[in-house]
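# Need coordinates for the below:
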Amino acid sequence: LPAMMKRGANVPTFVLEYLLGMYCSTDDDELVEQGVKRIRKILTDNYVRPDESETIKSKIKELGQYTIIDKVHAQLDEYRDIYVAGFTNLSIEPFVMPPEYVRDYSKILQGGIWCILRIEYLQPDDENGGDALADIFDEKPKSNPKKKGKSRGPEDSPFHVVSLKPIQMPNLDLDAMIALRREFTTKEWMDLLLRSCGYEPDALTDKQKLHFIARMVPLAEHNFNLCELGPRGTGKSHVYKEISPYSILLSGGQTTTANLFGRMNASYRTRSIDRLGLVGNWDCVTFDEVAGMRFKDMNAIQILKDYMASGSFARGKDQLNADASMVFEGNINDSVQNVLKTTHLFDPFPPEFNNDSAFFDRIHLYLPGWEVPKMRSDLLTGHYGLITDCLSEFCREMRKRDFTVLIDRYFRLNSDFNKRDEIAVRKTFSGMAKLLFPDEVMSKEDVEMILQYAIEGRRRVKEQLKIMAGVEFIDVNLGYLDVDNPVENHVVYVPEQSKG
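Presented below is the predicted three-dimensional model:
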């Protein structure tokens, strides 16, 4: 149903899932059809589209009250001691958010939350306004008193929130969700995650399943750098655009230094998005179509390299920290074998990056997009899964945890690893372990499966660096040692390049 509705309604997936849960949670086809009709009417009449903002404002005024669906955000004005709110799509001046909603739904203060709201419009009081007979019933006229001699503020807005009901999950009991993991086998849990993203695991090989799980790692692991290059039509951007409201997709790959890292020497009263940029306000920043990546200021590449290595960057006199993961996606227009005959697998990047080994050395995982199947109807699931909002909240909460040390229970990394290699493999392992084994209950075989995948993804990066810079990156035979048998060195290879 979400896929069917999505084709005709350009609204966030979790909004559709919420409405489908309200009106179509039945096996009765007739009731489902009635529910779908009602949802389409709601999306037509109540969902706020930016180009229909003035129409919605007029409805609120003329009807006195009206129910809308929009994303609302708020911040505390400490000087007025009020919460000042605004909408993403409905263009009205800032208004006062009742404090009880902020207390109950703290995500309103953390970038905003999609809600169903009933908005009331109160006419500004003037000399002829109000109800002249209201005092007979010991009632005061219900109006919005106009302050004279003062500039307008949020408290003067005629728009007021009568009621608010979140569409997104306002809170997630992570411990309860982790406890439920024990009710599933590893295969069942992996299939649940994949179906929650809209994929059908029965149509995928075990290796392909790991590729789809790896796409989710930037949502669950902070400061993770992923690169995926491959054929068109494999759904590279789906997870970052549709699954998580905490991820932003930069179509075309073009941005500015200020947009990505914030304004130079911004004051503490500047908006967070202006002070810290995208990396400080999103969990994941995805560059779609890396071939089109352009920066007017070439210093942006140096700042990006600094950030990808340390999670910090300098803007003017300030040293700032952020947690956003970076994802680079693009297309390879030839077979991998033909590309490797003449160049390396980072070749689709623009000239500003090409052969910059220092930049590519900061990539933690190279996901081979040529091993991912193109999207077909049989790859789209018709089974149940977690609602996308629950999945995105789970990923976000898991970012606060660290699973990097779980490798050391059974294995040690071999001598070909340098520090960057180790960080890359441990972060990849940590992200995938958080998704597949959030309860940290992992057998030796489970640890080895993820470790081999993480090492292969990092070795793919090293093999390209070896082509670019030669002897500097000669140690590409990354592998691991079994704690119980430290003599045998298990070297991990990449399928597309020789073992020589």
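
# for the stretch 401-500 of the chain, what are the low-confidence residue spans?
498-500 (pLDDT under 70).

# Tell me which helix or strand comes right after the longest strand along the chain.
In the chain, taking DSSP state E as the definition, the longest strand is strand 65-77. Next in sequence after strand 65-77, counting helices and strands by DSSP states H and E, comes strand 82-87.

# residues making contact with that next one?
The contact list for strand 82-87, computed with Cβ atoms under 8 Å, 6 or more residues apart in numbering, reads 48, 70-77, 92, 94-99, 102, 108-109, 154-155, 161. For glycine as for every other residue, the C-beta is placed from the backbone atoms N, C-alpha and C.

# now it and strand 65-77, what's the angle there?
If you take axes from the mean of the first three to the mean of the last three Cα atoms, to 10 degrees, strand 82-87 sits at 130 degrees to strand 65-77.

# Show me the strands in the stretch 251-400 of the chain, by range?
Along the stretch 251-400 of the chain, the stretches classed as strands by DSSP state E, counting those that start in this stretch are 284-287, 312-315, 318-321, 325-331, 365-368.

# Partner strands of the third one and their direction?
If I follow you right, that is strand 318-321. strand 312-315 (antiparallel) (DSSP bridges).

# go on, the last one?
With DSSP bridges as the test, strand 365-368 is paired with strand 225-230 (parallel).

# Among the contacts of strand 82-87, name the buried ones.
Among the contacts of strand 82-87, those buried by neighbour count (16 or more other Cβ atoms under 10 Å) are 48, 70-75, 92, 94-98, 102, 108-109, 154, 161.

# Poorly predicted segments of this structure, please.
Under the criterion pLDDT under 70, the flagged ranges of the chain are 1-10, 124-151, 170, 253, 265-274, 498-500.

# Touching, residue 241 and residue 250? I think so.
No - between residue 241 and residue 250 there is no contact under Cβ atoms under 8 Å: 10.8 Å.

# circling back: which of the strands of the stretch 251-400 of the chain sits closest to residue 391?
When the strands of the stretch 251-400 of the chain are compared by Cβ to Cβ, strand 284-287 sits nearest residue 391, at 13.7 Å.

# what does the closest one contact?
Surrounding strand 284-287, the residues in contact under the criterion Cβ under 8 Å, 6+ apart are 218-219, 237, 240-241, 244, 246-250, 253, 260, 278-279, 293, 324-329.

# Over to residue 249. Which of the three states is it?
What DSSP: H, G, I helix; E, B strand; the rest coil gives for residue 249 is strand.

# what about it, neighbour count?
19 (other Cβ atoms under 10 Å).

# if I look at it, how far off is residue 218?
Counting by Cβ to Cβ, to the nearest Å, the separation of residue 249 from residue 218 is 12 Å.

# quick one on the thing from earlier: put the alpha carbons of the longest strand of the chain into CSV.
Taking Å, rounded to 0.1, in the frame of the first residue of the first chain, the C-alpha atoms of strand 65-77 are listed here in CSV:
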residue,chain,number,x,y,z
GLN,A,65,-10.3,26.4,12.8
TYR,A,66,-8.7,24.0,10.4
THR,A,67,-6.7,20.8,10.6
ILE,A,68,-3.4,20.5,8.7
ILE,A,69,-0.6,18.0,8.3
ASP,A,70,2.8,19.7,8.3
LYS,A,71,6.2,19.6,9.9
VAL,A,72,6.5,21.9,13.0
HIS,A,73,9.6,23.0,14.8
ALA,A,74,10.2,25.3,17.7
GLN,A,75,12.9,26.9,19.8
LEU,A,76,12.9,28.6,23.2
ASP,A,77,13.0,32.4,23.2
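
# List of residues touching that strand?
Under the contact criterion Cβ under 8 Å, 6+ apart, strand 65-77 has outside partners 15, 42-43, 46-48, 56, 59-60, 82-90, 97, 102, 108-109, 111-121, 154, 162, 164, 167.
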